[in-house]
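Enquirer: the sequence and its predicted three-dimensional model are supplied below.
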Amino acid sequence: MTLYAVMLAPATPAHAGGDPIFGGELSGDTVRLSAGRAEDLARANLTLPAEQRLAEFERAPYCREAAGQWVMGFADGTCAPGADVAQTSVQCEEGDTLVMPMWMRERATPTSPWGEWDDIDAGGCGVDLLPVLTTEDFRRLPIPAPALTLQPDRGWVLVNIETIVWTDPTPVTLRTDLLGRGVTVEATPVRWTYDFGDGHDLTTTLPGQPYPDHDVFHEYEQPGEAAITLTAEWTGRYQVDGSPVWRTIPGTAQTTATSTTFTIEERTSRLVSGLCTDRPKPPDC
Amino acid sequence: MTTSRGDRHGAAATALGACLLLTACTDASAPTRTPTPEPTATATPTTSPTPTPTTDVTVAPQRPEAMATPSADGAAAAASYFISLFPYINATGDLVEWNALSSPECTFCAGVRTNVEELHTQGNRNLGGAEILSATGTEVDAGRWYSARLHVVIAPSVDVDASGTLLDEHPKEDRQIDVVMTWQDGWTIDEVGPAAVPQT
């Protein structure tokens, strides 16, 4: 497979004296923008029957002719004899593929002759062509409510005794689609906030454990009624079908779960005159 | 006329020296050290290392007519105009045109804006210049998407405070850049980045 080329233009060495004020702000995002637009155009063009198309798109390398001109190569990545394939110094992520520049030619009517091929983007990495899953897209996905387990879970708890809670930290896999491309999303809960319903909150990165290894719990101080609400914060990453690249979603999503309401009760110890298993049962049992 | 020649001479030399770097600078109080090419009422230092006339960067550049059309040439003109604002916004802090043309997603535009705002809120400014040596436009999707490749030379510049005291210097920059743009009843600059040029 021949390499073809795109190289980001090097800057001339700065003279002594301070930092450059222009070059430092230049953005590498132009590659992704241009490549994405060219790809959109090429894809849209395919929806027209070939005879009706007024444009043609093809990815091919830059080839330098003897005269020094850059011309279009072949779609297989090679150049005509006598022309040199342009080299690349674009760094793509492991597993990702280099994408050749997009060339386009047009004709005025379906029967007119085609114009010259013109490069409309300089290529880039495969990941530049992929649709982007935004934080908003992520938040719209059906990420499940977090698991919420209480211990004890019998409809009542005691004041001043640990009410233990725990959840499930297992990542969740979801499928969705972006612009017609299938996408796999992996959502992982990373932080949990418990609202114990008595004015107390607890935020933790621990998923919790049942007794006796419990490390997330709460002690109610007053009898009454409460329900526990758990809010989980999820991070995510996604992979577009056909590409091995996993990308991190910049923001987080939240889902919540609420327990059924339970009572908080007070039990005081007292001595009884005999044993409550005595027959007859003492009246103060 | 008796003058404290030492002091005045020294001050004039500094002002003159500074003026060689700046493209927007007149010093009416400095005595003329070389004959002026045109007769002027005020004495202005005119010794300059470059014989070409320099632009006053405190004067806003004008939108070129070519920019009014969505076409490859229109894109080249619009991109050139946008970049020519760079020394102007640095000298004056007037970001109206810069903001009008910048997409909210344009990180280059935002980065430059932040630097200019920071400089000017401190009461300082940057004086320099920019020259566009070449500009080639590409029509990517007629009436909608365009791009332009520019060869731009940013002149060495200086940061000065309100009284003209030199605060910092910045080097010359020779850049090939790609400007990605959209036309919709006018131009929006989507992003500006290093040009993706082929190499053998």
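Expert: Looks like it arrived, so ask away. Numbering: from 1, shown residues only, chains lettered A, B, ... in the order given.

Enquirer: name the element the residue nearest to the spatial centre of chain B belongs to?
Expert: By Cα atoms, centre = their mean, the mean C-alpha position of chain B lies nearest to B:Pro87, the distance being 2.1 Å. Using DSSP states H and E, B:Pro87 sits in helix B:72-92.

Enquirer: for chain A, which segments count as helices?
Expert: A:29-45, A:135-139 (DSSP state H).

Enquirer: can you show me the helices along chain B?
Expert: Under DSSP H, chain B gives helices at B:5-21, B:72-92, B:96-101, B:107-121.

Enquirer: now the nearest residue to A:Leu133 once chain neighbours are set aside, which residues is it bridged with?
Expert: Once flanking residues are discounted, A:Leu133 sits nearest to A:Tyr238: 4.7 Å by Cβ to Cβ, 6 or more residues apart in numbering or on different chains. For every residue, glycine as well, the C-beta is placed using N, CA and C. Assessed by DSSP bridges, A:Tyr238 has beta-bridge partners A:Val185, A:Arg247.

Enquirer: how many residues are close by A:Tyr238?
Expert: For A:Tyr238, the number of neighbouring residues by other Cβ atoms under 10 Å in any protein chain shown comes to 24.

Enquirer: do the same with A:Asp128
Expert: 21.

Enquirer: before we move on, the earlier item: run the chain-centre distance for the helix holding B:Pro87.
Expert: Its chain's C-alpha centre and that of helix B:72-92 lie 9 Å apart, by Cα atoms, centre = their mean, to the nearest Å.

Enquirer: what's the angle from it to helix B:107-121?
Expert: Helix B:72-92 and helix B:107-121 are oriented at 20 degrees to each other (axes from the mean of the first three to the mean of the last three Cα atoms, to 10 degrees).

Enquirer: columns mean pLDDT and distance to chain A on top of the helices of chain B, output as CSV?
Expert: Listed next are the helices of chain B as CSV, based on pLDDT from 0 to 100; distance: least, Cβ to the nearest Cβ, whole Å:
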stretch, mean pLDDT, distance to chain A
helix B:5-21, 38, 10
helix B:72-92, 98, 7
helix B:96-101, 98, 12
helix B:107-121, 96, 4
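
Enquirer: pick the most buried one from the ones you listed.
Expert: Of the helices of chain B, the one with the most neighbours on average (mean count of other Cβ atoms under 10 Å in any protein chain shown) is helix B:72-92, at a mean of 23.

Enquirer: low-confidence stretches in chain B?
Expert: B:1-54, B:200 (pLDDT under 70).

Enquirer: likewise for chain A?
Expert: A:1-17, A:87-91, A:272.

Enquirer: quickly list the domain ranges of it.
Expert: Chain A breaks down into these domains under automatic domain parsing: A:23-128, A:135-265.

Enquirer: looking at those domains, which is closest to B:Ser163?
Expert: domain A:23-128 (27.6 Å; Cβ to Cβ).

Enquirer: chain B contacts on the stretch 51-200 of chain A?
Expert: By the rule Cβ under 8 Å from any Cβ of the partner chain, the part of the stretch 51-200 of chain A lying against chain B is A:62, A:64, A:70, A:84-87, A:89, A:101, A:104, A:118-124.

Enquirer: can I get the CA coordinates of stretch B:105-112 in PDB?
Expert: In PDB, the C-alpha atoms belonging to stretch B:105-112 read as follows (Å, rounded to 0.1, in the frame of the first residue of the first chain):
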ATOM      1  CA  GLU B 105     -17.000  27.100  16.900                       C
ATOM      2  CA  CYS B 106     -13.900  28.700  15.400                       C
ATOM      3  CA  THR B 107     -11.100  28.000  18.000                       C
ATOM      4  CA  PHE B 108      -8.600  30.100  16.100                       C
ATOM      5  CA  CYS B 109     -10.900  33.100  16.100                       C
ATOM      6  CA  ALA B 110     -11.600  32.600  19.800                       C
ATOM      7  CA  GLY B 111      -8.000  32.200  20.800                       C
ATOM      8  CA  VAL B 112      -7.000  35.400  19.000                       C
END
